[in-house]
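Chemist: pasted the sequence and its predicted model underneath.
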Amino acid sequence: MLHTYIISLWMVKTCEKLPAIFICIRKHPDYFSDTHQFVTILIKMDFNIFLLFLALTILFLSYFLLDVNYFIRAVFTIFMSKFFRKPIKFYGKSAIYGIVLPMDADLLFTHMNNARVFRELDFGRWDHLQRSGLLGILYRTKGWGVVSAQTCRYRRALHMFMMYKIETRPVYYDSNNIYFEQKVISIRDEIVRCLAHVKLAVNLDLDKVIAKHFPDTVKVPAPKDLELYIDYNRVNSERLRVTKKRSKSLTLQEIENDDVNKQGEQLLDT
């Protein structure tokens, strides 16, 4: 990453004076018994050294508390999509490229971890949203979009240092949801390694937005596999709502009777 490279160059320039610190610590160990004294001596010796330690501390805390690489790559993806890539239509297909690195590996260090696939799919959607103009529409209307459901088939493994591309395209939309189909394809053999369907929920009336900003777009029916996935989400939501209503409708007497029955079952088991 660019920021890591810049900090590394700074470290090379400033670390030439680091041996003086270690010599001072070795000759005067009592001076460094207190943290405040240590910081004061650092400032007196060389302010650049103090800035170096401060920068390293901030960098360490940033990587410890935040997924810095994710945010940097998301901003970089949007920047490149806006200024250096061609716009696409709503149903247009976008593609980004990547390579499997050790940071993506599972415990065996042989292929990409399944969880990292979903992370990579995020960047594919960022690219499509920016190039299609949907991201700008959400920004201007103070809208938002969140992933409310996603599923993925892991057809083949993405092996270490394998180059791949992520193809992203919307296949269906309703009043408040956009359904993306995303494919992870290996460059070497053009095999679809992973296939995902992602439901992006937005707080806008998509029928009006599409009609206004994409007047030449003709709404197409959902593919058969996506229809089944939409039905799954609907049935699952209904089941959870029924379970929630049932738990709220239980009276105190029913709860007490249920506790008594559980105690009786425990006594019989013993």
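Modeler: In hand now; what should we look at? Numbers count the residues shown, from 1 in each chain.

Chemist: now do the SS call for Ile49.
Modeler: Of the three states, Ile49 takes helix according to DSSP: H, G, I helix; E, B strand; the rest coil.

Chemist: quick one: it from Leu56, how far?
Modeler: If you measure Ile49 against Leu56 using CB to CB, to the nearest Å, the figure is 11 Å. All C-beta atoms are positioned from the backbone trio N, CA, C, and that covers glycine.

Chemist: which of the two has more residues huddled nearby?
Modeler: Neighbours per residue, other CB atoms under 10 Å: of Ile49 and Leu56, the larger number sits with Ile49, 17 against 12.

Chemist: so what pLDDT did that one get?
Modeler: Ile49 is assigned 75 on the pLDDT scale.

Chemist: kindly report the same for Ile23.
Modeler: Note for Ile23: predicted pLDDT of 53.

Chemist: same check, this time on Val68
Modeler: Listed pLDDT for Val68 reads 88.

Chemist: quick one: contacts for it?
Modeler: Ser62 (CB atoms under 8 Å, 6 or more residues apart in numbering).

Chemist: neighbours of Lys244, how many?
Modeler: Neighbour number of Lys244 under other CB under 10 Å is 10.

Chemist: and it, how far from Glu238?
Modeler: Lys244 sits 11 Å away from Glu238, going by CB to CB.

Chemist: before we move on, what about Thr57?
Modeler: Shown here: Thr57 relative to Glu238, a distance of 51 Å by CB to CB.

Chemist: what does Leu59 give?
Modeler: Distance of Leu59 to Glu238, given as CB to CB: 48 Å.

Chemist: and those two? Which one has more around it.
Modeler: More neighbours surround Leu59 than the other of Leu59 and Glu238, with 14 against 10 (other CB under 10 Å).

Chemist: sketch out the low-pLDDT regions of the stretch 101-250 of the chain for me.
Modeler: Within the stretch 101-250 of the chain, the stretches with pLDDT under 70 are 245-250.

Chemist: strands along that one, start to end?
Modeler: 145-154, 163-173, 177-186, 192-202 (DSSP state E, counting those that start in this stretch).

Chemist: got a markdown table for those, with distance to Tyr139 too?
Modeler: A markdown table is the format used below for those (distance: least, CB to CB, whole Å):
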| stretch | distance to Tyr139 |
| --- | --- |
| strand 145-154 | 11 |
| strand 163-173 | 19 |
| strand 177-186 | 16 |
| strand 192-202 | 12 |
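
Chemist: compare those and give me the one nearest Asp127.
Modeler: For the strands of the stretch 101-250 of the chain, the distance to Asp127 is smallest for strand 163-173, at 6.8 Å, taking CB to CB.
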